[in-house]
Every structure is written in structure tokens, then in C-alpha cells.
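**Q** Quick one, fold the following:
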Amino acid sequence: QVQLVESGGGLVRAGGSLRLSCAASGSISTNAMGWYRQAPGNQRELVAVINPGTSTDYADFVKGRFTISGDNAKNTVYLQMNSLEPEDTAVYYCNFIFRCGRRWCNLYEYWGQGTQVTVSS
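**A** Numbering: from 1, shown residues only. I've put the predicted structure just below:
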């Protein structure tokens with residue numbers, strides 16, 4: 001059974017930075033990985049993607065502020081978040097992902113516990 005353990009969240013003021021980590025039980029060197037977030041009352045949304053070979057993609061609302069990276073030896077994916085805004089407040093999750101049409105879809109229905117990010121104004 002896949003395991004995904006997110007960590008690194010916290011409370012930060014607007015303009016601050018956080019670095020999230022996602023430790024996965026499966027190999028990230030052969031699978032695309034994504035960071036998602038879900039704010040109260042909102043649907044879970046995809047924030048950033050990293051493909052094997054390290055190509056990346058970002059949602060427009062985080063471009064230029066967030067950076068996704070991976071450590072294949074540790075099967076860990078990171079999300080460096082800079083210039084945080086109150087609108088970034090959410091629980092952040094990671095998952096293995098795959099292309100489904102024009103979108104990315106999560107490979108597993110299982111989700112970890114997520115890590116809470118709270119940005120104060």
C-alpha cells in the first residue's frame with residue numbers, strides 16, 4: 001500500500017517562506033508527482049508537478065513563487081514556497097499523478113494526512 005507523508009507546514013506571515021516535504025513509499029524516479037492543496041470549503045487543486053527527468057509545471061497562481069523538486073535517492077518531493085500570501089492558506093498534499101487527457105490525475109485514491117500551511121496578513 002502506498003504511503004505519502006507530508007511535512008513542513010506551519011504558520012508564517014505574508015511574504016514569508018516554507019519548504020514542504022513529501023516522503024513517498026514508491027519510486028519518484030519513474031513516476032510523476034504532484035503537490036495539491038485544499039482550502040476550507042474548496043476543492044483540492046493541483047499546485048505543482050514534477051516529471052521523471054525533473055521537468056516541472058505550475059499552476060498560474062504559484063508560478064514564480066513556488067518551486068517543486070525531488071530527491072530520487074530519498075523518494076522525497078519538496079515544495080519551496082516563497083512570497084507566501086494569505087490565499088495560500090490550505091492543507092497541502094502530495095500524490096503520484098498521471099496524464100489523463102489534458103489534465104493530471106492522482107494515481108492513488110489514498111491521500112496522506114497533509115500538512116497545514118497558514119499565512120497571516
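
**Q** who's in contact with stretch 92-102?
**A** For stretch 92-102, contacts defined as CB atoms under 8 Å, 6 or more residues apart in numbering pick out 2, 4, 6, 9, 20, 22, 24, 26, 31-38, 44, 46-47, 49, 77, 79, 104-108, 111-112, 114-117. In short, each C-beta sits where N, CA and C put it, glycine included.

**Q** Mind listing what's buried along stretch 75-94?
**A** For stretch 75-94, the neighbour count (16 or more other CB atoms under 10 Å) marks 75-79, 81, 84, 88-94 as buried.

**Q** Ok, stretch 24-32 next?
**A** Applying 16+ other CB under 10 Å to stretch 24-32 flags 24, 28, 31-32 as buried.

**Q** tell me the contacts of the most centrally placed residue in the chain?
**A** In the chain, the C-alpha nearest the mean C-alpha coordinate belongs to residue 35, at 2.0 Å (CA atoms, centre = their mean). Counting by CB under 8 Å, 6+ apart, residue 35 makes contact with 20, 22, 46-48, 68, 77, 79, 92-94.
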